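Undergrad: fold the following.
(one chain, ligands or ions: 1)
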Amino acid sequence: MSPLAFFRIKRLNQVHRTLLNADPVKTLIKEVAIASGFRQLGQLSRDYQKMFGELPSETLRSHKNHAKSFPARKIIAPQPNVANEMASEVLDGLLQKPKRIAPKYFYDQRGSALFDTITKLDEYYIPRIEQHIFSLFKRDICEEIGTARTIIEPGAGSCEKIKWLLPDISPAAYVPMDISESHLRENAAKLGLAYPGLIVDPRVCDHTNDTMLDIKLPGSSPVFFYPGSSIGNFEPEAVIDFMRKLRVMMGSGGGLLIGVDTKKNSEVLHTAYNDPKGVTAAFNINVLHHLNHLLGGNLKPDYFEHVAFYNENCGRIEMHLRCVKSHIAHIAGMDLEFSVGELINTEYSYKYHPQEFSALAQRAGLRMKRLWQDKQRYFSVMYFLPALLTV
Ligand code: AVJ
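TA: Next up, the predicted model:
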């Protein structure tokens with residue numbers, strides 16, 4: 001069961017309890033219903049009935065009028081469906097206060113192109129420094145990994161960074177994972193052509209949810225490759241959760257090679273996410289175009305401006321869209337109100353001192369074997385092994 005379906009049932013249970021207990025609780029039920037994306041409680045009671053049977057009859061009678069005016073709509077789709085799952089995930093975020101959109105929605109075709117442009121900006125130091133670390137320590141890194149391993153890259157996208165380690169590590173197989181099927185297949189095929197003999201075995205998968213655990217791997221004891229500080233998009237608790245999944249998949253013989261951005265001078269961080277050419281701003285605002293296209297909507301890109309700052313307390317860059325004109329817009333069959341000054345959170349990008357990060361990894365059953373950094377310590381590349389003994 002998807003987490004959303006689970007929480008919907010939880011919410012329905014909450015309604016159940018409320019219905020059993022008292023009558024003057026309409027507002028609470030309504031709040032619960034609204035939090036699930038329903039206008040009124042009528043539909044919710046009917047869906048509830050479908051799942052759990054009859055409602056207490058007095059309650060039903062007193063809410064009959066509400067129920068009348070709403071068409072039947074299923075809460076839980078009989079067959080999981082990617083589009084519905086996305087719609088429901090996006091709505092869930094936009095119904096929160098403050099509203100939020102998950103950063104994976106940045107990456108439609110235009111978003112990916114804009115991100116590519118970001119990676120070439122002088123201000124955005126991450127790719128440059130990471131590549132520099134790989135070129136400085138290539139031999140050392142390859143030696144740690146060894147040869148003939150199964151290499152898995154979650155969110156591989158363009159499959160470019162694995163080239164830093166090729167042909168030296170000559171893997172048994174390279175398994176790039178990505179949600180964007182066409183992009184993935186195209187780039188995997190290109191890589192296969194550039195490296196004859198390399199087995200490229202792409203998997204379409206959203207590594208930010210549980211579906212990653214269902215992927216059948218071509219070999220055992222894989223080494224995960226997660227560069228670019230992509231891990232920064234997870235909340236620290238979610239980092240532990242994600243790495244625990246990697247730990248399970250790697251068994252006792254695998255590894256994790258990961259790139260993590262470090263805490264540094266906040267001026268440097270600020271500029272990296274507020275480039276003077278406005279590429280990051282365009283990238284941020286593009287998420288609204290993407291959602292409109294994906295889910296059918298008229299979210300208004302022109303009514304928002306880019307906001308990015310370093311939140312020193314939390315150790316993260318925050319990206320938001322600030323509403324500059326009050327309006328109503330619809331998306332995925334719902335009208336949403338936006339007021340002037342309101343922020344939609346689109347991304348967190350967490351920064352870690354190496355020892356902070358290895359403490360998180362430890363809570364996922366991983367121990368830091370190696371750390372490679374540039375002179376300025378702007379970026380870390382780390383190699384983790386499964387911790388077999390914990391004390
Ligand atoms: C892809 C998550 C590593 O957080 O630096 C770049 C995304 N957002 N500029 C980052 C991003 C704005 C990037 N990561």
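Undergrad: count the neighbours of the spatially closest residue to residue 135 that is not a sequence neighbour for me.
TA: In this structure, residue 135 finds its nearest non-sequential neighbour in residue 164, 7.5 Å apart by CB to CB, 6 or more residues apart in numbering. (Each C-beta comes from the backbone N, C-alpha and C, glycine too.) With neighbours defined by other CB atoms under 10 Å, the count for residue 164 comes to 18.
Undergrad: that's a helix at residue 164, yeah?
TA: Yes. Judged by DSSP: H, G, I helix; E, B strand; the rest coil, residue 164 forms part of a helix.
Undergrad: show the contacting residues for it.
TA: 131, 134-135, 138 (CB atoms under 8 Å, 6 or more residues apart in numbering).
Undergrad: tell me which of these is nearest to residue 151?
TA: residue 134 (14.3 Å; CB to CB).
Undergrad: and the stretch 51-200 of the chain, which residues reach the ligand?
TA: 118, 126 (CB under 6 Å from any ligand atom).
Undergrad: quick one: the strands in the stretch 51-200 of the chain, in order.
TA: 150-154, 173-178 (DSSP state E, counting those that start in this stretch).
Undergrad: thinking again about what came up before, show the pLDDT at the residue nearest to residue 135.
TA: Confidence at residue 164, expressed as pLDDT, is 98.
Undergrad: got it, and residue 127?
TA: Note for residue 127: predicted pLDDT of 97.
Undergrad: correct me, but it touches residue 119?
TA: Yes. Assessed by CB atoms under 8 Å, residue 127 is found in contact with residue 119 at 4.4 Å.
Undergrad: who has more neighbours, those two?
TA: A direct count of neighbours by other CB under 10 Å for residue 127 and residue 119 places residue 127 higher, at 20 against 15.
Undergrad: on that earlier part again, so which of the contacts of residue 164 belong to helices?
TA: Counting by DSSP state H, those place 131, 134-135, 138 in helices.
Undergrad: quick one on the thing from earlier: and the residue nearest to residue 135, how far from the ligand?
TA: 16 Å (CB to the nearest ligand atom, to the nearest Å).
Undergrad: and for residue 250?
TA: Distance from residue 250 to the ligand, counting by CB to the nearest ligand atom: 22 Å.
Undergrad: quick one: that residue and residue 384 touch, right?
TA: No. Between residue 250 and residue 384 there is no contact, the gap being 9.3 Å when judged by CB under 8 Å.
Undergrad: mutual contacts of these two, please.
TA: Common neighbours of residue 250 and residue 384 (CB under 8 Å, 6+ apart) are residue 256.
Undergrad: these two: who's more crowded?
TA: residue 384 (27 against 24).
Undergrad: what about the more buried one, which helix or strand?
TA: Assigned by DSSP states H and E, residue 384 belongs to strand 379-386.
Undergrad: so what's the nearest residue to residue 275 once chain neighbours are set aside up against?
TA: Of all residues not flanking residue 275 in the chain, residue 123 sits nearest, at 4.7 Å (CB to CB, 6+ apart). By CB under 8 Å, 6+ apart, the contact list for residue 123 reads 271-272, 274-276.
Undergrad: report the buried members of the residues you listed.
TA: Judged by neighbour count, with 16 or more other CB atoms under 10 Å as the criterion, the buried members of the contacts of residue 123 are 271-272, 274-275.
Undergrad: okay if I get the residues you listed as JSON lines plus secondary structure?
TA: Formatted as JSON lines, these follow (three-state DSSP):
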{"residue": "271", "secondary structure": "helix"}
{"residue": "272", "secondary structure": "helix"}
{"residue": "274", "secondary structure": "coil"}
{"residue": "275", "secondary structure": "coil"}
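Undergrad: where does the stretch 151-300 of the chain have low pLDDT?
TA: Low-confidence segments of the stretch 151-300 of the chain, defined by pLDDT under 70, are absent.
Undergrad: please enumerate the helices of it.
TA: Secondary structure of the stretch 151-300 of the chain (DSSP state H, counting those that start in this stretch): helices at 181-194, 236-250, 266-272, 279-295.
Undergrad: hey, which of those is tucked in deepest?
TA: Compared across these, helix 279-295 shows the largest average neighbour count, a mean of 20 (mean count of other CB atoms under 10 Å).
Undergrad: what is that helix packed up against?
TA: helix 82-94, helix 109-119, strand 304-311, strand 316-323, strand 327-331, strand 343-350 (3 or more CB pairs under 8 Å, 6 or more residues apart in numbering; DSSP states H and E).
Undergrad: okay, domains of the protein per the record?
TA: The record's domain parsing of the chain by automatic domain parsing lists 3-79, 81-391.
Undergrad: hey, which of those is tucked in deepest?
TA: Mean neighbour count (mean count of other CB under 10 Å) peaks for domain 81-391 among the domains of the chain, with a mean of 17.
Undergrad: now find how far off-centre that one is within its chain.
TA: Here the centre of domain 81-391 is set off from its chain's centre by 8 Å, with CA atoms, centre = their mean, to the nearest Å.
Undergrad: quick check, pLDDT for the closest residue to the ligand within the stretch 201-350 of the chain.
TA: Proximity of the stretch 201-350 of the chain to the ligand (CB to the nearest ligand atom) peaks at residue 349, 3.2 Å away. Predicted confidence (pLDDT) for residue 349: 98.
Undergrad: do the same with the one 4 residues further on
TA: pLDDT, residue 353: 98.
Undergrad: ok, the one 4 residues further on next?
TA: As predicted, residue 357 sits at a pLDDT of 98.
Undergrad: distance check, it against residue 240.
TA: To residue 240, residue 357 is 11 Å away according to CB to CB, to the nearest Å.
Undergrad: before we move on, what about residue 340?
TA: Distance from residue 340 to residue 240, by CB to CB: 38 Å.
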